[in-house]
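Colleague: Fold the following for me, if possible:
(chains A and B)
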Amino acid sequence: MIKYTLTRAALLLLGLLVASVLIFLSLRVLPGDIAQLIAGTNGTPEQVAAIRERLGLDQPLPLQYLEWIGGIFRGDLGTSLLNGSGVAAELAQKAQVTVPLGLMALTIAVLFAVPLGVLSAMRRGHGDGTFLSIGAQTLAAVPVVWAGMMLVVVFAVWLGWLPAQGFPRSGWNDPAAAIRSLLLPALTIGIVEGAMLMRFVRSATMQAIGQDYVRTAAAKGLTRTTALIRHGLPNVALSVITVLGLQVAGIIVGAVVIEQLFSLPGIGRMLVADVSARDLPKVQGELLVLTGFVLVVGFAVDLLHRVIDPRQREAP
Amino acid sequence: MFRRTSLAAAAVLAAGALLLSACTGGGAAPDPTATTAPDPDASAVIRLVLEPGNLDIRETAGAALDQILVDNIYQGLVSRTPEQDIVPALASDWEVSDDGLTYTFTLREGVTFHDGQELTAQDVVWSLQTRKDTPEWSDSARLANVSSITADGQEITLTLTEPDSSLLWNLTGRAGLILKEGDTVDYQTKANGTGPFTLSSWKQGDSITFDRYEDYWGEPAKIAEVVFDYIPDNQAALNAALAGEVDAVTGFDANLKEQVEATGDFELVLGASTDKGTLAFNQAPGSPLADKRIRQAIRQAIDHDALVEALGSGQTLYGPIPELDPGYEDLSDVAPYDPDAAKALLAEAGAEDLTLQLTIPSFYSTTIPQILVSDLNEVGITLEVNSVDFPTWINDVYVNKDYDLSFVLHTEAHDFENWANPDYYFTYDNPQVQDLFAQSLAATDEAEAADLLAQAAKIVSEDAAGDWLYNGASVVAVGTNLTGLPSINVNERLNLAELTKSNG
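Modeller: Presented below is the predicted three-dimensional model:
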């Protein structure tokens, strides 16, 4: 187990290193530069050159990369070229919106996907099971933007129950208002991600139903449902954890879209704004942290898997 | 891509239908309680579109900064009204010598910066001199003709090497802003000016808040707090308005008039603007558009009236100078809509099977490229639309001049100079125009300067140096409980000194 953990951790670091090179290079392919944007359409070439020099953009690329990576090893995620704000501080600030949003979305997804997924598997062949299954297929195909707009129209504009956009300016000082403003966006992501999760729970449950140990348990006198809950669902849970790990990436992508739509001051909106300002040092810092987060979640899921599932521990 | 677009369109339609059904029975009569007295402690929320990346008014370009910071936070010796008249600001009055070489300003007494420091004549001299001497600061070159800046008591004197009819105007903008000498404020995220509002907070990616400056030298602001809420998406802005989360929506889509007015809480106000929807032609040698007949054909192939109608606001414009600026004249005769004439011109130029690229920043509505594609198709020109993000546009079109046609909304007032600059991305080079513009700058009489500009603008239009698709309008949905919100040219300046809000 220790050997496995160390190998897996080394892979994680290697992955981060590769990601850092890819992020750095892929951003450099973007046309346009921040010095020109700061100087604007009436800026003189001298003005642009002076700004570029002040920002250190006249340095060769390998040097810029090494400075960035060197900074990270010293615990410095970089600073914005545009306004000098630190990436770490900005991320911490914006995470106050995005992390609760992601957690709420994940909770909503699990809360409706797991029971409905199990139910639709157990009711396979019946009308309600088919209905649930088709419903999940349909919801999973809905674009996040469209789902969000529909929810806004119904719950904000029409019924006036929830705010249509924005986050309270007082932030979490007013928790009720903060939660209210995150509810619609979280519901939007939660429904779409939950629909995907539900399909997965359904197929995992159906697989469990067909397993020998469930049938054996049923044969020993347990009802089919009890047998499934006692012996089948722990196995379903294993698969669900894996899928949830994968869905973290999906939720981050969803947050980028949804934060635009709901004008939420979170990481997704910051990322889009920084890309369109060509504030590349800031973008690469943010992307690296997000990539790191997804990789760490994957790492944790793998470890958890081994802890929960004894069969895997024997594998090399 | 197509799937996403059509889904988005379907969603907008569905949302619109739901909105309409939700609003029936509401009636459009304004709320009568809205006429209650203004509340001096009120806070107004104004939706803006484009958030600045930093607040450094010294060197960061962009209308997003001028729009909120100039007049409200930072001031110059002189300012301009929405109607584009030059008025006193930190100078109570001024005098220009007959030869146009000496400008004398009388600085007001008792002006303080937001940090409590007093404004001195030396601050003014330092600000203007530093601006002139620092090429990194925007509009530094606009003070090029100023040879000396001196102070004697409260008298500030600017001496010029040659007359410059644009100097006063330039002093109403970035070039004339007065800062505290040696100020240590972090200009990128903070501000220290002399205006009626102080910068209270900036939540990046969300909003900027101004508070009334209680020690303001002039009439204090009539509202305690103004919040600029940055909502890029028009649909989200409409939702915010309908849900009562904002008090005014600038940069609105005039086609959404009925929806926003349906509850009676908002009124759509259309004001004039200097926004020029400019279709640039790359006429550098070697380009098909170097042929004037082809440029003229494109202008005559475009149905400008239909375009304005589709946009729901604004008016036609057939030359480089809009009605609010000096030198405007109606040039609609130069390029009337006439597809047959356009076809004839193309045939004459031997260009019946032309394919051109239109490079357009992606944040503009798709209405414009759609109309251009279909209008030009009518006369046999295939237009390929290349929608790019703004930094790419700056790089490809503005810096590298690598384009055929390009569309950008040029919002700045008094910007005819770009047509007299052969190095600008317009690639238009006509010595006669450059000469007329130089003469206009050197003129000491306003009327004469405007007349020379008009002559130059006419030549630019006759040369089909570009096309002007429309002169935009300032479209603002204003809460019926607000008064004093400017309605003219709000994309460029949004002076909030007169803004009031009642609790109605």
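Colleague: Skipping its backbone neighbours, what lies nearest B:Asn234 in space?
Modeller: Distances taken as Cβ to Cβ, 6 or more residues apart in numbering or on different chains place B:Asp253 nearest to B:Asn234, at 5.2 Å, with adjacent residues excluded. (C-beta placed from N, C-alpha, C; glycine too.)
Colleague: got the CA coordinates for whichever strand or helix holds B:Leu65 in CSV?
Modeller: Using DSSP states H and E, B:Leu65 falls within helix B:63-69. What follows is helix B:63-69 as a C-alpha-only set of coordinates in CSV (Å, rounded to 0.1, in the frame of the first residue of the first chain):
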residue,chain,number,x,y,z
ALA,B,63,-13.4,53.4,-22.4
ALA,B,64,-14.3,51.2,-19.3
LEU,B,65,-12.0,53.5,-17.2
ASP,B,66,-13.0,56.8,-18.6
GLN,B,67,-16.7,55.9,-18.4
ILE,B,68,-16.7,55.7,-14.6
LEU,B,69,-13.5,57.4,-13.3
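Colleague: Let me see the mean pLDDT of the next helix or strand after it.
Modeller: Going down the chain from helix B:63-69, the next helix or strand is strand B:78-80, by DSSP H and E. For strand B:78-80, mean pLDDT rounds to 96.
Colleague: Quick one: find the helix or strand in the chain with the lowest mean pLDDT.
Modeller: The chain I'm using is chain A. helix A:310-314 (a mean of 63; mean pLDDT, DSSP states H and E).
Colleague: oops, I was thinking of chain B
Modeller: helix B:2-23 (a mean of 36).
Colleague: Partner strands of the helix or strand that that helix is followed by and their direction?
Modeller: As assigned by DSSP H and E, the chain's next helix or strand after helix B:2-23 is strand B:43-48. The pairing partners recorded for strand B:43-48 under DSSP bridges are strand B:225-230 (parallel), strand B:248-249 (parallel).
Colleague: okay, these, which one's buried deepest?
Modeller: strand B:248-249 (a mean of 26; mean count of other Cβ atoms under 10 Å in any protein chain shown).
Colleague: now that strand, how far from the chain's geometric center?
Modeller: Chain-centre distance of strand B:248-249: 17 Å, with Cα atoms, centre = their mean, to the nearest Å.
Colleague: repeat for stretch B:391-401
Modeller: In terms of Cα atoms, centre = their mean, the centre of stretch B:391-401 is set 20 Å apart from its chain centre.
Colleague: Next: stretch B:213-227.
Modeller: Distance of stretch B:213-227 from the chain centroid (Cα atoms, centre = their mean) equals 25 Å.
Colleague: Using PDB, write out the CA atom coordinates for that stretch.
Modeller: C-alpha atoms of stretch B:213-227 as PDB (Å, rounded to 0.1, in the frame of the first residue of the first chain):
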ATOM      1  CA  TYR B 213     -17.200  62.600  -1.200                       C
ATOM      2  CA  GLU B 214     -18.400  64.700   1.600                       C
ATOM      3  CA  ASP B 215     -15.700  67.400   1.400                       C
ATOM      4  CA  TYR B 216     -16.200  67.900  -2.400                       C
ATOM      5  CA  TRP B 217     -15.400  71.500  -3.500                       C
ATOM      6  CA  GLY B 218     -18.600  71.800  -5.600                       C
ATOM      7  CA  GLU B 219     -22.100  70.800  -5.100                       C
ATOM      8  CA  PRO B 220     -22.000  67.400  -3.300                       C
ATOM      9  CA  ALA B 221     -23.400  64.400  -5.000                       C
ATOM     10  CA  LYS B 222     -27.100  63.800  -4.400                       C
ATOM     11  CA  ILE B 223     -26.800  60.100  -3.700                       C
ATOM     12  CA  ALA B 224     -24.800  58.300  -1.000                       C
ATOM     13  CA  GLU B 225     -23.600  55.400  -3.000                       C
ATOM     14  CA  VAL B 226     -23.400  54.100  -6.600                       C
ATOM     15  CA  VAL B 227     -22.700  50.500  -7.400                       C
END
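Colleague: For that stretch, buried residues please.
Modeller: Residues of stretch B:213-227 classed as buried by neighbour count (16 or more other Cβ atoms under 10 Å in any protein chain shown): B:213, B:216-217, B:221-227.
Colleague: I'd like to know the average pLDDT value across it.
Modeller: The model assigns stretch B:213-227 a mean pLDDT of 96.
Colleague: Need the CA coordinates for the strand or helix carrying B:Arg293. CSV is fine.
Modeller: B:Arg293 is part of helix B:292-301 when elements are defined by DSSP H and E. The C-alpha coordinates for helix B:292-301 follow below in CSV (Å, rounded to 0.1, in the frame of the first residue of the first chain):
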residue,chain,number,x,y,z
LYS,B,292,-11.8,52.5,-55.0
ARG,B,293,-14.6,51.2,-57.3
ILE,B,294,-14.7,48.0,-55.2
ARG,B,295,-14.9,50.0,-51.9
GLN,B,296,-17.6,52.2,-53.3
ALA,B,297,-19.5,49.1,-54.6
ILE,B,298,-19.4,47.6,-51.1
ARG,B,299,-20.8,50.9,-49.6
GLN,B,300,-23.6,51.0,-52.1
ALA,B,301,-24.5,47.3,-51.6
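Colleague: That's all I had, so thanks and see you.
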